Structures are given as C-alpha cells and as structure tokens.
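[1] here is the input, now give the coordinates:
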Amino acid sequence: MAMEMVVSFPGGVCVDADCGGLVIRTDQPVESGGMRTAPTPFELFLASMGTCAGLYVLGFCQQRGLPTEDIRIRQHVEMDPRTHLVREVKLRIELPPDFPRKYETALVRAADLCTVKRHLENPPLVTVETQIG
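    Numbers count the residues shown, from 1 in each chain. The predicted model follows:
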C-alpha cells in the first residue's frame, strides 16, 4: 500500500500538505516570522500522537456503550534541554468519577495500540531526494 501527500508553500512561512484533497495548514509563531494562523508542523506531529490515542480510547468506549463526553487525554511533552528533542511524551487519560474502574487497564492498553506510537517505536526509513522538471 502506498500513500502520497503533496506539500506546497502558499506564502510567508506557511507550509500546507494536501492529503487526498484535505489540506492541512501549518504556520509559525509570530516571533519566527509567521502569523500563527495554524499549528506548526511539530505541533501537528505531537497532536497526531494524542489524537491517535484518542481514537483508540473513543473506539474502546463506543464498543462498550460508555459515554465519552467527560473523557480527556492530557498530553505532556518533556524536551531535552540540551538537544531540544522530545525526551518523553506522557498521555494521561482523564476519566469522570463514574467511569467503571474495571475498564481502566484495558483502556490504557487500547490507547497503547495507537498507530502513531507504534511507528515511533519502529521508525520507518526516511529518505529525501530532488527531482528537476
């Protein structure tokens, strides 16, 4: 299976990605020359982890008829001050007081199935090349 996205430069420091007709817009903070009209690419990368885990939590709850409106996932990112790279990402699933305790461990296991997380654990080869014409 192959997938292709087309990245374009609509102006300023904005960079967009066309994903099958859906456009994901990115921008930079004002202090970096942007207008802060959209998340940065790095923020989207981090958000993909939280939202992916959220999709698995949502599916788990929906399969069991559990309400999800009071469930939140709080994502905390710890950066290495020396390298400025992510050292740790913590996802905390915040549950309402009436959430059935018997599902807590299984809910964590469901969130652990996140496809983005699994790709980070087994990273793909990334190559960069040019093409003229």
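[2] look up how far C14 lies from the residue nearest to G54 when sequence neighbours are not counted.
    Leaving aside its chain neighbours, G54 sits nearest to I73 (5.3 Å; criterion: CB to CB, 6 or more residues apart in numbering). Backbone N, C-alpha and C define where each C-beta goes, glycine included. According to CB to CB, to the nearest Å, I73 stands 28 Å off from C14.
[3] just K90 next, same as before
    30 Å.
[4] quick one: which of the two has more around it?
    Legend: neighbour count by other CB atoms under 10 Å for K90 and C14, higher for C14 (16 against 9).
[5] list of residues touching stretch 100-118?
    Residues from elsewhere that reach stretch 100-118 (CB atoms under 8 Å, 6 or more residues apart in numbering): 48-49, 52-53, 55-57, 59-61, 64, 66, 73, 91, 93, 95.
[6] in the residues you listed, find the pair that's most separated.
    Farthest apart among the contacts of stretch 100-118 by CB to CB are S48 and R64. That separation is 25.3 Å.
[7] tell me which of the two has more neighbours.
    S48 (16 against 11).
[8] what residues are up against the more buried one?
    Contacts of S48 (CB under 8 Å, 6+ apart): V116.
[9] so it, which state does it fall into?
    What DSSP: H, G, I helix; E, B strand; the rest coil gives for S48 is helix.
[10] got it, and the one 5 residues further on?
    Three-state secondary structure (criterion: three-state DSSP) places A53 in helix.
[11] domain assignment for this protein?
    Residue ranges for each domain of the chain read 1-38, 40-121, as given by automatic domain parsing.
[12] hey, which of these is tucked in deepest?
    domain 40-121 (a mean of 13; mean count of other CB atoms under 10 Å).
[13] which element is R92 on?
    Taking DSSP states H and E as the definition, one finds R92 inside strand 86-94.
[14] counting contacts, what elements does that strand pack onto?
    With contacts defined as 3 or more CB pairs under 8 Å, 6 or more residues apart in numbering; DSSP states H and E, the packing partners of strand 86-94 are helix 41-63, strand 72-79, helix 104-112.
[15] thanks again, I'm all set now.
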